[in-house]
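Asker: Provided below for reference: sequence and predicted model.
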Amino acid sequence: MNEYDSDRIKNALDAEPTDDPKKADIIIVNTCAIREKADQKAFSGLGKYKSIKANKPDVIVGISGCVAQLYGDKLLKKIPHLDFVLGTRAIPKLPEIISNIERQKRRTVETSYDLEELFEVEPYHKEGKVTAFVSVQQGCNKRCTYCIVPQVRGDEVNRPLPDILKETTNLVKKGVKEITFIGQTVNSWKESGYKFGDLIRAAGEIEDLERIRFTTSYPRDITKRMIDAMKEVPQVCHHLHLPVQSGSNKVLSNMKRTYTREWYIDTIARLKDAVPDITISTDIIIGFPGETDQDFQDTISLMKEIEFESSYSFKFSPRPGTPAAEYEKVETVDPDIASARLSELQAFQKDIAEKKNLSRVGQIEEVLVEGESRNDPNFLSGRTDHNRILNFKGTKDLVGKTVKVRVTEGLLNSLRGELVL
Ligand code: SAM
């Protein structure tokens, strides 16, 4: 989501990006507030530009995204070298804000929600890139007790189907082969009588679009219509990111996740009935207020049962204004215990991921080649339909093509292989 917004900011400015902040005329720190660490990163990020502003007073320094939305004008008081604060729904206003600052030298805060312009600025697209995100939804209507998203991104607003299809088609015309639809609870998307399954089917009709992914799905919004579309639209990749957060019914209820462990397991079974080779990844929060050792063991037993392909796991971080920040004051999990649980869970996940990757050795996978491998330019890198990274030796002319690769090695976070000619 943040990467998408950064690319929208680049497009809104219509300016040449630079890797050297000393050469920049405008510096914007785009931020995330989901956990305290991310929010601290925003402040240290801004701190780095203090000396640049001191040496070059005309440079315009701004903050955007969730931290900007959360703290608003308090940021101007706290950070004297900051020129503007741009909320999560204000990207279309950026050119006007910049030109006002240039003309009037007045510091600005724009954190209002203008729904009409919400999806107006599309993201910058780097030429030659074969994958792209398309936003289908902003904000969130769920009220998970730990989550700051509704506070900083507002209620759910769904983008009209023709706009989504237009942006997707334009990207495909530029050479994009794989689209990922993004939204906080992407599969709750509904608009003018259409539901998420209809969106997938409509995207499946776009000529030359080879792969469709979407993230993040909310378990309770998985419907038969969605599962049928996943089964019947050949471009839909056989991987789903489905955050479970906990394996304990008590914790799930305190998080207000609106489903039980049994319901989640049954949903995975329904998905596997329809798409037998589907792989599932997830998010887990450890140390939610009141989490006992038994609750944690319930999470481990769920991981044993489902064997997630991969998981992102986080220590609970109390966020201002959320109900769970209040629970935390009375039912704090000892931070050392939370850290020990997180390490145990991550070690457990590592074993599963290694086992799963090793089981692919000898298989032939279809890989959409995205570019050179970051670690070795002799290797190309792409992803399989199941979202596994696969690196193999090959020449750059294969970028953008879907090729067959035999897996020769299963590593922790990726696979290695050789091109099948
Ligand atoms: N909207 C998506 C959802 O809830 O399913 C994703 C939201 S967030 C960007 C990604 C992950 O961060 C969540 O799935 C959750 O595991 C984690 N997260 C959110 N709030 C958190 C908090 N207060 N402390 C720790 N982890 C948190």
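Answerer: That came through fine. Residues are numbered from 1 along each chain as shown.
Asker: hmm, the helix or strand of the chain with the lowest mean pLDDT touching the ligand?
Answerer: The weakest-scoring helix or strand in the chain, judged by mean pLDDT, DSSP states H and E, is helix 36-47 (a mean of 86). No. Legend: contact between helix 36-47 and the ligand by C-beta under 6 Å from any ligand atom is lacking; minimum distance shown is 8.2 Å. Quick note: C-beta positions are derived from backbone N, CA and C, even for glycine.
Asker: now do the buried residues in that helix.
Answerer: Neighbour-count burial for helix 36-47 flags 38-39, 42-43, 46 (criterion: 16 or more other C-beta atoms under 10 Å).
Asker: who's in contact with it?
Answerer: 29, 31-33, 61, 63, 65-67, 70, 79, 81-82, 317-319 (C-beta atoms under 8 Å, 6 or more residues apart in numbering).
Asker: mind redoing it with 10 Å?
Answerer: For helix 36-47, contacts defined as C-beta atoms under 10 Å, 6 or more residues apart in numbering pick out 2, 27, 29-33, 35, 61-68, 70-71, 75, 78-79, 81-82, 148, 314-315, 317-320.
Asker: up against the ligand, what does the stretch 301-421 of the chain have?
Answerer: Contact residues, the stretch 301-421 of the chain versus the ligand (C-beta under 6 Å from any ligand atom): 314, 316-317, 319.
Asker: show me where pLDDT drops low in the stretch 51-200 of the chain?
Answerer: Along the stretch 51-200 of the chain, the parts satisfying pLDDT under 70 run over 114-116.
Asker: the ligand contacts on that one?
Answerer: Residues of the stretch 51-200 of the chain lying near the ligand (C-beta under 6 Å from any ligand atom): 140, 144, 146-147, 149, 184-185.
Asker: and the strands in the stretch 51-200 of the chain?
Answerer: Remark: strands assigned in the stretch 51-200 of the chain by DSSP state E, counting those that start in this stretch are 60-65, 84-86, 108-110, 131-135, 137-138, 157-158, 178-182, 190-191, 194-195.
Asker: the third one: partners in the sheet, and parallel or antiparallel?
Answerer: Using DSSP bridges, strand 108-110 pairs in its sheet with strand 84-86 (parallel).
Asker: ok, and for the strand it pairs with, which residues are buried?
Answerer: Neighbour count says strand 84-86 has 84-86 buried, by 16+ other C-beta under 10 Å.
Asker: what's in contact with it?
Answerer: Contacts to strand 84-86, defined as C-beta under 10 Å, 6+ apart, come from residues 5, 9, 12, 26, 28, 30, 60-65, 67-69, 71-76, 79, 90, 93-94, 97-98, 100-101, 106-111.
Asker: report the buried members of those.
Answerer: Among the contacts of strand 84-86, those buried by neighbour count (16+ other C-beta under 10 Å) are 5, 9, 12, 26, 28, 30, 60-65, 67-69, 71, 75-76, 79, 90, 93-94, 97-98, 101, 108-111.
Asker: before we move on, back to that, of the contacts of helix 36-47, which belong to helices?
Answerer: 2, 66-68, 70-71, 75, 78 (DSSP state H).
Asker: closest one of those to Asp208?
Answerer: Asp208 lies nearest to Asn2 out of these, by C-beta to C-beta, at 28.4 Å.
Asker: just give me the neighbour total for that closest one.
Answerer: Residue neighbour count, defined by other C-beta atoms under 10 Å, stands at 14 for Asn2.
Asker: oh, and call the first residue 23 from now on, that's how I've got it
Answerer: New numbering, starting at 23: the last item is Asn24.
Asker: quick one: contacts for it?
Answerer: 52-54, 56, 60, 86-88.
Asker: one more time with 8 Å
Answerer: Neighbour list for Asn24: 52-54, 87 [criterion: C-beta under 8 Å, 6+ apart].
Asker: now for these, which pair is the farthest apart?
Answerer: Asn52 and Cys54 (8.2 Å).
Asker: and after the one helix or strand Asp295 maps to, which helix or strand comes next?
Answerer: Applying DSSP states H and E as the criterion places Asp295 in helix 283-296. Once helix 283-296 ends, the next helix or strand along the chain (criterion: DSSP H and E) is strand 301-308.
Asker: one step back: so for Arg233, which of the strands of the stretch 73-222 of the chain sits nearest?
Answerer: Once those are compared by C-beta to C-beta, strand 200-204 is nearest, at 3.8 Å.
Asker: relative orientation of the closest one and strand 153-157 in degrees?
Answerer: Strand 200-204 runs at 30 degrees relative to strand 153-157, counting by axes from the mean of the first three to the mean of the last three C-alpha atoms, to 10 degrees.
Asker: mind listing what strand 200-204 pairs with, with the direction of each?
Answerer: If you go by DSSP bridges, strand 200-204 pairs up with strand 153-157 (parallel), strand 233-237 (parallel).
Asker: including distance to Val389, could these go into CSV?
Answerer: Below are the strands paired with strand 200-204 laid out as CSV (distance: least, C-beta to C-beta, whole Å):
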stretch, distance to Val389
strand 153-157, 12
strand 233-237, 11
